[in-house]
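>>> let's see this in three dimensions:
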Amino acid sequence: MKLSLTSIQSSLHWENRKANLGMFDAKISNIDVTDIIVLPEMFSTGFTMKPELYFDTMEGETIAWMKALSIKKNTAICGSIIIKNEVEQYVNRFLFVNQNEIQYYDKAHLFRMGEENQHYVKGESQKIIQYKGFNIAPMVCYDLRFPAWIRRTPHFEYDLLLFVANWPQRRSEHWKTLLLARAIENQAYVLGVNRIGNDGNGIYHSGDTSFINPLGEILYRKKEDEDIYTHVIEKSIINDYRKSFPVEKDTDEFNLK
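Numbering: from 1, shown residues only. Next up, the predicted model:
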């Protein structure tokens with residue numbers, strides 16, 4: 001059993017939803033058959049701290065665009081955007097849109113060094129997306145630094161860790177190292193999709209979108225350039241490696257608080 005994921009590493013138009021959706025429209029039009037298209041964190045706006053000006057709703061323009069594209073391309077599409085939720089709070093929400101079905105995960109760890117915690121509320125729950133026989137655990141950027149939250153357990157079982165990010169170049173070694181560590185320690189595929197270019201605050205992003213298998217082998221990494229690339233995860237590789245090297249039988253039990 002296999003699953004294909006197409007990552008789009010791209011620059012973003014700062015605080016400009018129309019320009020970003022138009023740009024991704026053009027990029028996605030050139031993608032052939034794939035199971036999932038993956039966009040970066042806050043792909044419609046960039047990592048802005050002005051959610052009150054640039055938010056979407058679950059009935060808004062960006063999700064309508066994702067639904068239409070999913071139907072047109074016969075694929076799921078995912079990435080994070082700013083959402084004003086049902087209690088009038090702003091969240092950094094990972095959306096997984098498959099035709100008219102929507103699943104989501106709200107970013108649990110807010111980047112206080114960028115004051116994200118002052119403008120958004122954090123999510124409280126992990127999420128497993130079941131899709132075409134695979135379990136996918138969505139994560140957003142700063143979540144990557146918190147291994148206890150991400151740790152694969154019998155109650156949080158997945159085949160793929162999927163990270164979307166606006167991770168700056170000045171900490172790119174952290175990004176690459178932590179993605180690799182999460183793959184090795186959880187014996188899972190990891191795909192981390194990052195943006196490139198300068199944002200509206202002059203912060204540069206080098207991309208380094210990466211795809212790593214459960215054995216810790218880096219199968220893809222792209223620095224600096226715009227790129228669209230399709231990755232394939234295989235169930236047999238996951239199952240065979242976990243069976244031959246059953247680290248999880250010695251895993252410590254713990255409770256998240």
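
>>> got the CA positions of the helix or strand where residue 91 lies in CSV?
According to DSSP states H and E, residue 91 maps onto strand 90-98. Output in CSV follows, covering the C-alpha atoms of strand 90-98 (Å, rounded to 0.1, in the frame of the first residue of the first chain):
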residue,chain,number,x,y,z
TYR,A,90,-7.9,33.3,16.3
VAL,A,91,-6.1,30.0,15.8
ASN,A,92,-3.3,28.8,13.5
ARG,A,93,-5.3,25.9,12.0
PHE,A,94,-4.0,23.0,9.9
LEU,A,95,-6.7,22.1,7.4
PHE,A,96,-7.0,18.8,5.6
VAL,A,97,-9.6,19.2,2.8
ASN,A,98,-10.7,16.2,0.8
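
>>> can you pull out the strands in the stretch 101-250 of the chain?
Counting by DSSP state E, counting those that start in this stretch, the stretch 101-250 of the chain has strands at residues 101-106, 129-131, 134-140, 160-165, 189-194, 196-198, 204-212, 218-223, 227-234.

>>> how about these in CSV, adding distance to residue 41 and mean neighbour count?
Using the backbone N, CA and C atoms, a C-beta is placed for each residue, glycine as well. Output for the strands of the stretch 101-250 of the chain, formatted as CSV (distance: least, C-beta to C-beta, whole Å; neighbours: other C-beta atoms under 10 Å):
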stretch, distance to residue 41, mean neighbour count
strand 101-106, 12, 18
strand 129-131, 17, 16
strand 134-140, 6, 24
strand 160-165, 5, 26
strand 189-194, 8, 27
strand 196-198, 13, 18
strand 204-212, 10, 24
strand 218-223, 16, 15
strand 227-234, 17, 17
